[in-house]
Each structure stands twice: as C-alpha cells, then as structure tokens.
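Colleague: model this:
(2 chains)
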2 protein chains.
Amino acid sequence: MQEQKIPYKIYLQENEIPKQWYNMRADMKNKPAPLLNPGTLKPMTAEELAPVFCEELVAQELNNTDAYIDIPEEIQNFYKMYRPSPLIRAYFLEKALDTPAKIYYKFEGNNTSGSHKLNSAIAQAYYAKKQGLKGVTTETGAGQWGTALSMACSYFGLDCKVFMVKVSYEQKPFRREVMRTYGASVTPSPSETTQIGKKILAEHPGTTGSLGCAISEAVEVAVGSEGYRYVLGSVLNQVLLHQSVIGLETKAALDKYGIKPDMIIGCAGGGSNLGGLIAPFMGEKLRGEADYRIIAVEPASCPSFTRGKYAYDFCDTGMVCPLAKMYTLGSSFIPSANHAGGLRYHGMSSTLSQLYHDGFMEAVSVEQTSVFEAAEQFARVEGILPAPESSHAIRVAINEALKCKETGEEKTIVFGLTGTGYFDMVAYEKFHDGLMTDQIPTDEELEKSLSALPNVPEN
Amino acid sequence: MQEQKIPYKIYLQENEIPKQWYNMRADMKNKPAPLLNPGTLKPMTAEELAPVFCEELVAQELNNTDAYIDIPEEIQNFYKMYRPSPLIRAYFLEKALDTPAKIYYKFEGNNTSGSHKLNSAIAQAYYAKKQGLKGVTTETGAGQWGTALSMACSYFGLDCKVFMVKVSYEQKPFRREVMRTYGASVTPSPSETTQIGKKILAEHPGTTGSLGCAISEAVEVAVGSEGYRYVLGSVLNQVLLHQSVIGLETKAALDKYGIKPDMIIGCAGGGSNLGGLIAPFMGEKLRGEADYRIIAVEPASCPSFTRGKYAYDFCDTGMVCPLAKMYTLGSSFIPSANHAGGLRYHGMSSTLSQLYHDGFMEAVSVEQTSVFEAAEQFARVEGILPAPESSHAIRVAINEALKCKETGEEKTIVFGLTGTGYFDMVAYEKFHDGLMTDQIPTDEELEKSLSALPNVPEN
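Modeller: Below is the predicted model:
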C-alpha cells in the first residue's frame, strides 16, 4: 500500500523552501475592501501609510494584483534557521480516535518564538532594515509576536519596542524575559509613556489592557520617533502574504505524496496563520482548479466571524489607525479576562473577511474547556504540548475525524498547529484544577460594542 | 566546493533512525566498576537489583559484553514521534564568531520534554510495561526527566510518581503542570510521604531538597509498592545505552557528508547526554579506529570530574541505593541554591568515570555567568533559546572556535544541544538583571563532603 510509505514527519529539503510568497488577492474576483482614511473616508494612499509602515510593506499591503512576490535572499537565508517546518501525519491521534480519517498537521512551533509569527517578523524586520530605519514598534498579546519580532530585530540589529498587553505582561514574565534575551524593550500597555496610554489609564484606571490599546500606543511611538515604523503581526494583507510560506510548504509536502486534502482547518484570531495556511489551496479554489472545505475556528469568547458584523471599523482602541472593512465585534470589544491565550482581536483580516463573505470558507466557534480537552488529548498521544490558540484547530480536527468514524469516510484532514503552549501553563493548570469556565459574550454585550462602528457609507 | 552543499539542518530519513543501541562497555578494556551491595560490599547481582529495577533494565545494566542491543519495535515506533533530531550546522554562529572552525550541534530539544531525556524514558517505560508493572517512581531536578517520563508513561498507560526537588517544584510550577498534563503525580521532595523524607525533614527543617534525597524517596516508594519499580534518568549504564541513539544519529548524519569531527563536546551532570552523544565516536577510539578529542563540560559549582575523587560512593542521600565507583563530590554535596538549572548531581556515570580515568576523554568546568553569556549569544544568532545545562557545551564550543580564530585552524566541532530553556527564564532574568553570581565550592566544602565516602577496600 502506498499509504504505508508516508512517514510520520514529512520534511521538505532546504532547497524546497518557497522562494516566492503567494498573494491570494491576485486571484480574488472581489478584492478585499481598501483601508480608509478615518478623516476623509477615502482609500489610504501609499503616501498616507508611509509614516506608519515601511515603504516596501505598504506596497505589499496595497498589491492586489501580483500573485507571486519574490522572497528576498536575506529572508530565505533566515528561514533556513527554522524552516522547512514538518508536516506531521497524526498516526498516533488517528489510532487514539479509531478513525478512518487521515489527519495531517503543519507544525510551526519548532522555533524559539514558539509559533508561526516568525515568518512575518523576519520579513518586516528585513524591510525596515533595508529602508535604513533605526527600529520598529509593535504590540503583543499572548507574546508570540513580540518574541518573534525581537528575534528578527536582533538578527538585523534593529531596535525593538514592544507594548505588551498588561495582563499578559504580568501573567507571562517568562515571555517578557525571552524578548529581553533578544534585546527588545518591553512596556506594559496601557502605559504612561504615550498620550493615548495616559488617556486610557485616566478613563479606565486599573485596566488590564487590550490589543487594540497596545496597537494605539505602538503606532503613536512609531509615528513620533525619528527612524521608527510600526509593524503588526496579524490582520494585514502583507502579513498573510508572508505567512503563505506555511501553506506553500504544506502543499508541496502533500503533493510529494500525491495527497489531496478534503478539508483544511486553522485557528483564526486576526487571520495570520489561517490566511497563510490556506493560501495556495484557496488559490486553487478561487481559480476553479480544485475544491476544499476551508474551516476557520475561533473562540466562542471572541467570535468575530460567527457573531460579528461585516463592516468598516477602527483597527485600534485609540482610533489612530486607518479603518478596515472586516468581520468585527466593535473596536471596544475586549474578551473576558478568563479567556486563555491569544485569538482576542476584535476584528479579522480584510482578505479573509471578504473570502468568508463570498462563501469560500466556513467558520465555527468553540468553547475553551472543549479546546483544552482537545489540547490535552493531543499532547498525550502526539507528544506536542499545543498552544491554546492552535488547540482551537485541534478541537475541530478531532470533531471532524470523529464524524468520519461515524460515517466510515476516509477523509483527509489538514490542520495548522501554530505553536506550543510552554508559556501557557497557567491556563493548563486552571483546566486541570477544574477552574476553567467558558466565556461567551451575551448578545447585549456584542450589541453594545457594535453600536460604536464608524459611519461609512456603502459605495 | 563540497562545503557549500551542507544544509543548515541535516535530517536523517525516518528509516535511518538507529535500530540498535550501542553499548560502549563492550569495547572497553577496563570495564566500569560494578555496583556494590552496601552491606556486603560484593557486586550487586541481578536478583538483588530486581526489587528496584525492571528485569530487562537490570540485564542491560549488567551487560558489559554485547556491543549492540536491538531497540524493540514499540520504542522505535515512539522514536518516530520526535526523531530523528536534526544535526545543525551553526553557520550563523560561525559567522558571528568570525571563525574558520566548522561547528555542528545535535539538537535534542524539539520535543515537549524539552530535552534528550525522552530517549531513555520511553525505553524504561516500555520495559516496565512489558514486565506487567502498574507504574514507576522517579526523581526529577530541573524537571526535564520527570516530564519525559510522564510522557512515556502516558503513552504506555503506566502510573508515574515523580519526586521533584522542592526548590524546583516551587520555582518551576510550569514544569509541574506539564507533568500533570501527561497524568503524572508530582510530590515535592523531601516529603512527609516517605520514611526517608520524614527523617531528612526532621534533621534539616526548611531544606530545599536535593537530587540524592529525591532518589531515596522514589526508591523507597518503588520498593514498598506492589507492581512498581524505580527508574532513573541518568548516571546508569542502561541510560547511556538508550542515549546512544543521539550519537548514532549524529555519526550517521556526519558520515552522509563525509565529515570527521576533531572534537565532540557535551555537558555532563550524571552523564546521560554526554555518554549518548559520544558513544559511537568513543567506540572507534576504544577500538583504535579513529581519534577524537572528547570533552566533558561541567559546572564549576558541581565539578565532579575536575575536583571530585574517583571512588566508591553512595548514589543517594539516604544511602538506600547500591554503591557506585565514580568521580564524586560526596553524597552529601549539594550545589549552591544559586546554581541555575540541572547538572547538580554529586557523582558521575561509572562508565564515563572509567573512561575519564583511563584518559579517553577530557573534562573542563565553567562558571555560570560565562555559561549564560554564551547562551544569550547563541540564542541571538542561532535562534534557539538553550537550556542552562546545554549552554555549558555551547560555552566550550565557542571557546574552541575562538581558539581556531587565533590559530586559523579549520577544526570541526560537534557539540550536544540537549534542550531548550523555556522553563529557565527565572535564571535568564537574573542574568539580565546582573544578579547572577558564580558559585564555586571552596576546598574546605569539598573536603567535608568527601570525608564521608564509604570505606571500600580496593580489590
């Protein structure tokens, strides 16, 4: 049987690491809605974005036409430090579930940032360096993005200023320390170091912070400092572009063994992992060359796809960023403090939002106790302790595999295992001690946060 | 140039994972001294060891003659979960050091235990299961071994009782939580659950524990519980045997590219990693087929090779274990509480002790501030955050590479990167804050701990 020949781990060769990123937007008939200037409500131009983002990244952000973009050699070189990442056949999990389904996962956690975030961090740091900048600013929630960026900046000798959501800063001192190891400065957000931070602290004393607020602070510092720009680890088109390396490697590994997946499952917060994982598969789907079920999994505590509104909204709490059209819960939405891990952004990538709106993908939300059950089951049989974020995809992959057990179908399931959970043991402890609860916003809460959407006329 | 063709990461194929372990003792002219019964001072027999250790493991412990031992298929199968591990060419580090040396490291940290310990844990759990046992007991210091064993026991459905040195239990709640994720019970040692624990607590109230003490407790519980045996993650011959998979993979990867190392460097606590890494190279050396510099690196705060005595000693604080002939600091020796990470055992593998005594290897001790300097430098250029233990080897590898820079020699250096430091950020934080100090025992302290060696006549 050919089946027998598929190894547990499929590693591509070093020279098979993609040399171009794939840009889904080129193949989309309905392009994602443009970022709007919050003052004029006109699409943001490259000139308007230049004070915030690096030039080349602005070009990538606005590029809806080129399907392939060359990966600069310096980035290819860095990728060799931790790529190709393995595509793993979940033989142990299949056996434990006693399912006829064939399960594969692309594991992006085998690097010190502990997640896929490094794929875009190194690209953004490279373009900042190329532009002759001194440094970059950013925000981080769970800490993976901040860690990834600190590694990338260390590599290129750039200064790296990270605003870390205060609750994470306090709960995850080890994450902070990893960033310091790579030379980054880490400030808990909201902070007294920015105007917007001071304002938020004055209005909400004792706040534990949010991603939207940390973004505002990071943008303020970038715009106000000579030689600095702001970089973001998710949501943006450019990030999805860089992350396409995940999907391209996944597809190359599957193609090597003649495997065609029936469904591709990824967790979705801002969309960086999901957009990267599905990219080449979605490309085939958009071009009518193949069909796949593509499933976004989000937390029930932050359900932008499944309970949000598809509309223009502010990207940050301070409303200093451009407006984006996306599935959103409203920029004032903050998931319960009891929600563990990342996937807590109020909005969703504009590209993925358009694809979802146009019916090219499904979305499902899952509750965190069921997510940690799946995480523990997975850890015990596959030997990898997954991040809470990644475990959302595990939950749905297991659900789908169990459906196959019912029906006897030998479906091929591919999911993204974005990272490891070594810095999330506080949440695991809660789960073990039976103290974890599900945190689902009420309709009233969502109505309230959605009531403050900016007024943008449909065009 | 052939040189250009060596990839950053050399992965063997799955079918190239070793199918036999290599037993250095078979090729040693002077065999390691046998374990002695502390009462009779006669070599321990298989019958005497059977109440403590699993049968098959006793046979391996006493086997000084078979050079190769088949790896059971179930263990080979589990190895596929996380092996082969990569042999990495440290191109980035070489460039940063501007050295003509060629540096390679075998990275054993890409699994949830975070270290090489899983290689022996799965073997020991397998033999316990095969013998029809209910469970196993063990001790853990820094936590890698306990984590590895909990993973292995979860895989085979065995109960796993871990005695964790109290200071680690308190400083590393996350390690504890990972073990719980895999279903292990974790008890801080010394504890009130054993006779020896009670005795030690009565004599030394407020003690933060030691490995020797935790061993005594774990042995007591194993011997006193129906269907339990004790397992140990280092020091023993059987452990070095299992760990030979590291060296065998390393050599196979080097052979593929025709690379012959000039020196092999490993950190040494009880000797499990070092003994595994060097095994096939030492084999060639013992058989006179090749020559290599083999360098053990130990902490200046626990310098058994470089300042200890080669003599019979107790393996544990409670003196319930057999006597072993080894380089030892005395069984009452406890490294300073300011010493970070593992490598804190008072003795050293009998096999490695004999080899060192016979001049087949060198040993060097390094101070922890210099170790963390090397760790941080390595992390920044190679992208992997190393464990403090592993960083001892990094320190000496960098030192040797810098010597090559002086002399212009293009030496080939291979070192073992045993694990990752994600659970050691407290130590990194101390280092960043300038609060880390070197902890070197005085001659008087060593004299004192060495004064209580058991009186065993030379035979």
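Colleague: contact residues of the stretch 101-250 of chain A facing chain B?
Modeller: Residues of the stretch 101-250 of chain A lying near chain B by Cβ under 8 Å from any Cβ of the partner chain: A:110-112, A:114, A:151, A:154-155, A:173-174, A:177-178, A:180-183. All C-beta spots, glycine's among them, are computed from the backbone N, C-alpha and C.
Colleague: which of those residues are buried?
Modeller: A:110-112, A:114, A:151, A:154-155, A:174, A:177-178, A:180-183 (16 or more other Cβ atoms under 10 Å in any protein chain shown).
Colleague: show me what from the stretch 251-400 of chain A comes close to chain B.
Modeller: Residues of the stretch 251-400 of chain A lying near chain B (Cβ under 8 Å from any Cβ): A:376, A:379, A:380, A:381, A:382, A:383, A:384, A:385.
Colleague: which of those residues has the most neighbours?
Modeller: residue A:385 (28 neighbours; other Cβ atoms under 10 Å in any protein chain shown).
Colleague: just checking, it touches residue B:181?
Modeller: Yes. Counting by Cβ atoms under 8 Å, residue B:181 is a contact partner of residue A:385 at 6.5 Å.
Colleague: shared neighbours of those two, anything?
Modeller: Common contact partners of residue A:385 and residue B:181 (Cβ atoms under 8 Å, 6 or more residues apart in numbering or on different chains): residue A:379.
Colleague: wasn't residue A:100 part of a strand?
Modeller: No. Under DSSP: H, G, I helix; E, B strand; the rest coil, residue A:100 falls outside any strand and is assigned coil.
Colleague: re earlier: okay, and which of the buried ones among the residues of the stretch 101-250 of chain A next to chain B map to helices?
Modeller: A:151, A:154, A:155, A:174, A:177, A:178, A:180, A:181 (DSSP state H).
Colleague: how far off centre is stretch A:364-371?
Modeller: Stretch A:364-371 sits 17 Å away from the centroid of its parent chain (Cα atoms, centre = their mean, to the nearest Å).
Colleague: hmm, back to that, export the residues of the stretch 251-400 of chain A next to chain B to TSV and tack on pLDDT and secondary structure?
Modeller: Listed next are those as TSV, based on pLDDT from 0 to 100; DSSP: H, G, I helix; E, B strand; the rest coil:
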residue	pLDDT	secondary structure
A:376	96	helix
A:379	96	helix
A:380	95	helix
A:381	95	helix
A:382	96	helix
A:383	94	coil
A:384	96	coil
A:385	95	coil
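Colleague: so who does the nearest residue to residue A:79 once chain neighbours are set aside touch?
Modeller: Residue nearest to residue A:79 in three dimensions, not counting chain neighbours: residue A:17, with 5.5 Å by Cβ to Cβ, 6 or more residues apart in numbering or on different chains. Residues in contact with residue A:17 (Cβ under 8 Å, 6+ apart) are A:76, A:79, A:80, A:83, A:84, A:245, A:249.
Colleague: the second one and residue A:245, how far apart?
Modeller: When you say that, I think you mean residue A:79. 7 Å (Cβ to Cβ, to the nearest Å).
Colleague: could you pull up the mean pLDDT of the helix or strand that contains residue A:404?
Modeller: In this structure, residue A:404 sits in helix A:388-407 according to DSSP states H and E. Averaged across helix A:388-407, pLDDT comes to 98.
Colleague: direction included, what does the helix or strand just after it pair up with?
Modeller: Helices and strands here follow DSSP H and E; after helix A:388-407, the next one along the chain is strand A:412-417. Looking at strand A:412-417 with DSSP bridges, its partner strands are strand A:102-107 (parallel), strand A:263-267 (parallel).
Colleague: thinking again about what came up before, so which one among the residues of the stretch 101-250 of chain A next to chain B has the lowest pLDDT?
Modeller: Lowest in pLDDT among these is residue A:173, which has 86.
Colleague: circling back: deepest in the core, which of the strands paired with strand A:412-417 is it.
Modeller: Of those, the one with the most neighbours on average (mean count of other Cβ atoms under 10 Å in any protein chain shown) is strand A:263-267, at a mean of 28.
Colleague: got the CA coordinates for that strand in CSV?
Modeller: What follows is strand A:263-267 as a C-alpha-only set of coordinates in CSV (Å, rounded to 0.1, in the frame of the first residue of the first chain):
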residue,chain,number,x,y,z
MET,A,263,-10.6,20.0,4.4
ILE,A,264,-8.1,22.5,5.8
ILE,A,265,-8.6,23.8,9.3
GLY,A,266,-7.0,26.7,11.0
CYS,A,267,-7.5,28.8,14.1
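Colleague: right, and the helix or strand after that strand?
Modeller: Past strand A:263-267, the next helix or strand by DSSP H and E is helix A:272-286.
Colleague: so which bits of that next one are buried?
Modeller: Those would be A:272-283, A:285-286, for helix A:272-286 by 16+ other Cβ under 10 Å.
Colleague: quick check: mean pLDDT of the one helix or strand residue A:311 maps to?
Modeller: Here residue A:311 is covered by strand A:309-314, with elements defined by DSSP H and E. For strand A:309-314, mean pLDDT is 96.
Colleague: that one pairs with which strands?
Modeller: When DSSP bridges is applied, strand A:309-314 pairs with strand A:323-328 (antiparallel).
Colleague: and the helix or strand following the partner strand with strand A:263-267, angle?
Modeller: Following strand A:323-328 in sequence order, the next helix or strand is helix A:350-357 (DSSP H and E). Angle between the axes of helix A:350-357 and strand A:263-267 is 130 degrees (criterion: axes from the mean of the first three to the mean of the last three Cα atoms, to 10 degrees).
Colleague: ok so, going back, any buried residues in the strand holding residue A:311, and which?
Modeller: Under 16+ other Cβ under 10 Å, the buried positions of strand A:309-314 are A:310, A:311, A:312, A:313, A:314.
Colleague: remind me which residues of chain A are low pLDDT?
Modeller: Across chain A, residues meeting the criterion (pLDDT under 70) sit at A:1-4, A:459.
Colleague: pretty sure residue A:29 sits in a strand.
Modeller: No. Read with three-state DSSP, residue A:29 is coil and lies in no strand.
Colleague: list the contacts of the closest residue to residue A:424 other than its chain neighbours.
Modeller: Once flanking residues are discounted, residue A:424 sits nearest to residue A:388: 5.4 Å by Cβ to Cβ, 6+ apart. Counting by Cβ under 8 Å, 6+ apart, residue A:388 makes contact with A:340, A:341, A:342, A:343, A:368, A:371, A:372, A:375, A:421, A:424, A:427.
Colleague: drop anything exposed from the residues you listed.
Modeller: Applying 16+ other Cβ under 10 Å to those flags A:340, A:341, A:342, A:343, A:368, A:371, A:372, A:375, A:421, A:424, A:427 as buried.
Colleague: gap between the third one and chain B?
Modeller: Same thing as residue A:342. 17 Å (Cβ to the nearest Cβ, to the nearest Å).
Colleague: also the first one?
Modeller: Computed with Cβ to the nearest Cβ, the distance linking residue A:340 and chain B is 13 Å.
Colleague: for the residue lying closest to that residue once chain neighbours are set aside, grab phi and psi.
Modeller: Once flanking residues are discounted, residue A:340 sits nearest to residue A:427: 3.5 Å by Cβ to Cβ, 6+ apart. Dihedral pair for residue A:427: phi -70, psi -40, per degrees, to the nearest 10.
Colleague: before we move on, the earlier item: give the buried residues for the helix holding residue A:404.
Modeller: Neighbour-count burial for helix A:388-407, counted by 16+ other Cβ under 10 Å, picks out A:388-398, A:400-401, A:404.
Colleague: how far is that helix from where the chain is centred?
Modeller: Distance, centroid of helix A:388-407 to centroid of chain: 20 Å (Cα atoms, centre = their mean).
Colleague: got it, and stretch A:265-284?
Modeller: The answer for stretch A:265-284 is 9 Å, by Cα atoms, centre = their mean.
Colleague: give the buried residues for stretch A:30-39.
Modeller: A:32, A:33, A:34, A:35, A:36, A:38.
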